[in-house]
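Asker: what follows is a predicted protein model with its sequence.
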Amino acid sequence: MSNKSEFTDEELTAYLDGEKDYVDVEAIEKAIAKDPSLRQRIEQLTINRDLVKDSFNDVLLQAPDFADNKVENKRQLQPMVVLATAVCLCIGITIGIGWKNTQNDNALNHWHDYVAAYQALYINNTLSHLTPVPQQQLQELERVGSALGKSFELTQLQQHAQLEYKRGQILGFEGRPLIQLAFLSSVGEPVALCIMKSGIPNASISKSTMERNPQIHVGSLESMAAAHWQKDGFTYLLIGGTDELLITDAAEHFFETI
Amino acid sequence: MISFLQTNAEKEIRKWLNQHFPVLWRYCLILTGSKTSANDLAQSTSLKSLEKHKQFKAGSDVDKWLFKIAKNIWLNELRSQAVRRGTGLHNVDEIELTNGTSTSESVLEANLLINNIMQLPEAQRIAVGLVYVEGFSYREAADLLDIPIGTVMSRLSIARAKLSNRRDASKVRML
């Protein structure tokens, strides 16, 4: 009697593999005792599992070591290159940042961290030479607003007494637009208001006692004063300088006006 | 300095990678059939797992999570590149063990078995890798591959038949 129709190869395989949920072990063992052809089919499906496992364990010796630094470096540099390209930073500077971070065993893990790393490169001269022309600024705002899906009024950015609006730029993070609105403070420190659509995790900013609006989180990133909040489907990060009071005040202003 | 708090999930992933990276690489080798592609895939998988660590549930199985990522990267990104380069799917690397502690005969047998497995079609090779090399159950393998258990069983039974057949054929040749 042939058991070809009684048991499929899949069932015999499950039997050999000890997967009792998918086969009637007792029925197969009874059939094996009576049917040489079934024993032959079992033999034709038999492999030495121990040898498979042992042989592939030896393959482990050929594996490279986990290049933690290499992975970490790549992880940090990839998005940095996107940002750097977008703003025409030179490659040397970018590599320098990546190297610095590797040395510190830090990880750029949130868009806040990337913005902070980028903002840390801003100096007064980065923005001070820009002489705003309202018509150009309006066009620029229309362009960046369109990329983000949010409209801006130029006056919204010009109302804070201690911040002079300089320019708007479209950057990108993980394929999503990241808008940077750049200001110079009254003491000449660069400050950036960066905006993305919500849905991307925010970093844990070390908290400050300056917080007054519970929806605005104030603290520091990259030794710069920073504040972040979410509103109407967008996530905001205001960062720059060391004046937490200014950042807190400006964050509250933008929270209300933008 | 950039403030950064490593989450438990990220710590778990990093710890696993530091301790068991060769296991991931071996799975990538079985997936890709090529050491070069395995190097790329294992590194891409490590990178993506750290980037996406928030999606990992701390305390769950890191290996299963990494294997899923590896499979997805391979299927969605690297395999098409490997095919275009002519290094994937059809050209499987010869794996040669040189285990000094084993007898030459057992090394020969192990080499033969490994390369017979590596010559299996991709779907069967991966099923064999997950169940017979990594020791996952049928249910776990099916979950990892997003396929029904019956499909896992089918792939394994075909693979077993081929491997058994090749083993017997090689015995005949050796005689």
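Answerer: Now that the structure is in, tell me what you want to look at.
Asker: from now on I want contacts and neighbour counts done on CA atoms only, so please keep to that.
Answerer: Noted.
Asker: what number of residues lie near residue B:75?
Answerer: 13 (other Cα atoms under 10 Å in any protein chain shown).
Asker: relative to residue B:41, how far out is it?
Answerer: 11 Å (Cα to Cα, to the nearest Å).
Asker: list residues touching both of these two?
Answerer: Contact with both residue B:75 and residue B:41 is made by no residue, according to Cα atoms under 8 Å, 6 or more residues apart in numbering or on different chains.
Asker: flag the shaky bits of chain A, pLDDT-wise.
Answerer: Applying pLDDT under 70 to chain A flags residues A:1-5, A:68-109, A:200-212.
Asker: residue A:15 and residue B:162, how far apart?
Answerer: Remark: distance between residue A:15 and residue B:162 (Cα to Cα) = 18 Å.
Asker: go on, residue B:148?
Answerer: 22 Å.
Asker: who's more crowded, these two?
Answerer: Taking neighbours as other Cα under 10 Å, residue B:148 and residue B:162 compare with residue B:162 leading, 18 against 13.
Asker: report pLDDT for the more buried one.
Answerer: Looking at residue B:162, its pLDDT stands at 94.
Asker: strands of the stretch 151-258 of chain A, start to end?
Answerer: A:163-173, A:176-185, A:190-197, A:206-207, A:217-221, A:224-231, A:234-239 (DSSP state E, counting those that start in this stretch).
Asker: dump those into JSON lines; add distance to chain B as well.
Answerer: Below are these laid out as JSON lines (distance: least, Cα to the nearest Cα, whole Å):
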{"stretch": "strand A:163-173", "distance to chain B": "13"}
{"stretch": "strand A:176-185", "distance to chain B": "16"}
{"stretch": "strand A:190-197", "distance to chain B": "17"}
{"stretch": "strand A:206-207", "distance to chain B": "8"}
{"stretch": "strand A:217-221", "distance to chain B": "6"}
{"stretch": "strand A:224-231", "distance to chain B": "10"}
{"stretch": "strand A:234-239", "distance to chain B": "13"}
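Asker: of those, which is nearest residue B:32?
Answerer: Residue B:32 lies closest to strand A:163-173 among the strands of the stretch 151-258 of chain A, at 30.3 Å (Cα to Cα).
Asker: who touches that closest one?
Answerer: A:79, A:82-83, A:86-87, A:111, A:127, A:130-132, A:137, A:140-141, A:144, A:147, A:157-158, A:177-186.
Asker: could you spell out the sheet neighbours of it, each with its direction?
Answerer: strand A:176-185 (antiparallel) (DSSP bridges).
Asker: with only the CA atoms kept, save the strand it pairs with in CSV.
Answerer: Taking only C-alpha atoms (Å, rounded to 0.1, in the frame of the first residue of the first chain), the coordinates of strand A:176-185 have been written out as CSV:
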residue,chain,number,x,y,z
ARG,A,176,10.3,65.6,4.2
PRO,A,177,10.6,69.4,3.8
LEU,A,178,12.1,71.2,6.8
ILE,A,179,11.7,74.9,6.7
GLN,A,180,14.3,77.2,8.2
LEU,A,181,13.5,80.8,8.9
ALA,A,182,16.6,82.6,10.0
PHE,A,183,16.9,85.6,12.3
LEU,A,184,19.6,87.7,13.9
SER,A,185,19.0,88.7,17.5
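Asker: how far away from the center of its chain is it?
Answerer: Strand A:176-185 sits 19 Å away from the centroid of its parent chain (Cα atoms, centre = their mean, to the nearest Å).
Asker: what residues sit buried inside that strand?
Answerer: A:177, A:178, A:179, A:180, A:181, A:182, A:183, A:184, A:185 (16 or more other Cα atoms under 10 Å in any protein chain shown).
Asker: what's the most distant pair in those?
Answerer: A:177 and A:185 (25.1 Å).
Asker: now do residue B:48 against chain A, distance only.
Answerer: 8 Å (Cα to the nearest Cα, to the nearest Å).
Asker: per-residue confidence at the residue nearest the centre of chain B?
Answerer: Taking Cα atoms, centre = their mean as the criterion, residue B:27 is the residue nearest the geometric centre of chain B, at 1.8 Å. The model reports residue B:27 with a pLDDT of 97.
Asker: next one: residue B:106
Answerer: The model's pLDDT for residue B:106 equals 76.
Asker: tell me, how many residues neighbour it?
Answerer: For residue B:106, the count of nearby residues is 13 (other Cα under 10 Å).
Asker: before we move on, what about residue B:118?
Answerer: By other Cα under 10 Å, neighbour count at residue B:118 equals 25.
Asker: same question, residue A:220
Answerer: There are 23 residues near residue A:220, going by other Cα under 10 Å.
Asker: for it, which non-adjacent residue is spatially closest?
Answerer: Excluding the flanking residues, the one nearest residue A:220 by Cα to Cα, 6 or more residues apart in numbering or on different chains is residue A:226, at 5.0 Å.
Asker: where does chain B dip in pLDDT?
Answerer: Those would be B:1-6, B:78-93, B:97-103, B:169-175, if you go by pLDDT under 70 across chain B.
Asker: what does it put close to chain A?
Answerer: B:1-5, B:17-18, B:21-23, B:25-26, B:39, B:43, B:46-47, B:51, B:97, B:99, B:110-111, B:113-114, B:132-134, B:137-138, B:150, B:153-154, B:156-157, B:160-161, B:163-165 (Cα under 8 Å from any Cα of the partner chain).
Asker: okay, and which of those map to strands?
Answerer: Cross-referencing those against strands under DSSP state E gives no overlap.
Asker: remind me which helix or strand residue 143 belongs to.
Answerer: Here I'm looking at chain A. helix A:134-148 (DSSP states H and E).
Asker: actually it's chain B I care about, not the one you picked
Answerer: helix B:138-145.
Asker: buried stuff in that helix?
Answerer: B:138, B:139, B:141, B:142, B:144, B:145.
Asker: which residue ranges form the helices in chain B?
Answerer: Applying DSSP state H to chain B gives helices spanning B:8-32, B:35-51, B:62-73, B:79-85, B:104-118, B:122-128, B:138-145, B:149-174.
Asker: any chance of a markdown table for those, columns distance to residue A:247?
Answerer: Converted to a markdown table, those look like this (distance: least, Cα to Cα, whole Å):
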| stretch | distance to residue A:247 |
| --- | --- |
| helix B:8-32 | 31 |
| helix B:35-51 | 30 |
| helix B:62-73 | 41 |
| helix B:79-85 | 48 |
| helix B:104-118 | 60 |
| helix B:122-128 | 55 |
| helix B:138-145 | 48 |
| helix B:149-174 | 57 |
